[in-house]
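Chemist: Sequence and predicted structure, then a few things I'm wondering about:
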Amino acid sequence: MATFDFRATSEKPADELLAFFSDMTNAKGWDPSITKAVRLDDGPVGLGSRFEVTLRALGRDLVLTYEITEHSPPGKVVLRAESGLFVSEDTIRLTPVGEGRTEVHYEARLSGKGLTVLFDPAFKLSINHFGNQAGKELAARL
């Protein structure tokens with residue numbers, strides 16, 4: 001299993017950060033592995049909202065449909081995608097720490113399915129590389 005674990009403190013309030021992280025189209029601005037992100041439905045972003053996300057990893061484009069499976073304002077959102085190759089689950093926890101500041105904990109877990117488990121070491125290296133870059137970009141935007 002490959003993971004991305006990011007922690008930071010933001011000067012922004014939790015509700016503003018929840019809106020930012022819940023809308024996967026924002027991820028293209030801070031995650032260098034995402035080449036395209038499009039919302040697939042209308043209305044307020046929340047439980048059940050879906051996004052088509054194109055990732056560039058291991059030399060190829062992977063198109064995933066992410067869905068918000070948990071939306072608990074102002075402190076938590078979970079986005080999940082499943083393909084024939086792997087399952088991705090991103091959990092973002094937001095904890096107010098006083099004076100309008102918020103602690104952000106973003107954890108993404110990517111688990112291979114079937115024979116793709118054999119490529120797990122290469123997948124982990126790729127995720128770690130992009131995760132480090134994404135963490136730097138995300139920290140700059142918070």
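Modeler: Sure, I can see it.

Chemist: Report the mean per-residue pLDDT for stretch 46-64.
Modeler: For stretch 46-64, mean pLDDT rounds to 89.

Chemist: residue ranges of the helices in this structure, please?
Modeler: Under the criterion DSSP state H, helices of the chain are mapped to 14-22, 120-141.

Chemist: Which one of these has the poorest average confidence?
Modeler: helix 120-141 (a mean of 55).

Chemist: doesn't residue 14 make contact with residue 100?
Modeler: No - Residue 100 is beyond contact range of residue 14, at 9.4 Å (criterion: C-beta atoms under 8 Å). (Each C-beta comes from the backbone N, C-alpha and C, glycine too.)

Chemist: doesn't residue 70 make contact with residue 46?
Modeler: No - in this structure residue 46 lies outside contact range of residue 70 using C-beta under 8 Å: 10.3 Å.

Chemist: higher neighbour count, residue 100 and residue 14?
Modeler: Neighbours were counted for residue 100 and for residue 14 using other C-beta atoms under 10 Å; residue 14 has more, 22 against 12.

Chemist: The more buried one against residue 97, yeah?
Modeler: No - using C-beta under 8 Å, residue 14 makes no contact with residue 97, being 9.6 Å away.

Chemist: Check what pLDDT residue 77 gets.
Modeler: Residue 77 carries a pLDDT value of 98.

Chemist: what's the distance between the residue of the chain most remote from its centre and residue 48?
Modeler: Taking C-alpha atoms, centre = their mean as the measure, the residue most remote from the mean C-alpha position of the chain is residue 99, 26.3 Å away. As for residue 99, its distance to residue 48 is 34 Å (criterion: C-beta to C-beta, to the nearest Å).

Chemist: outside of stretch 46-58, which residues touch it?
Modeler: Contact with stretch 46-58 is made by 22-25, 27, 33-41, 61-71, 79, 81, 119, 122-123, 126-127, 130, as judged by C-beta atoms under 8 Å, 6 or more residues apart in numbering.

Chemist: Sort out for me which of those are in strands.
Modeler: Members of these lying in strands (criterion: DSSP state E): 34-39, 61-71, 79, 81.

Chemist: List the contacts of the residue nearest the centre of the chain.
Modeler: Note on the chain: the residue nearest the mean C-alpha position is residue 90, at 4.8 Å, using C-alpha atoms, centre = their mean. Applying C-beta under 8 Å, 6+ apart to residue 90 gives the contacts 66, 78, 79, 80, 106, 107, 108, 109.
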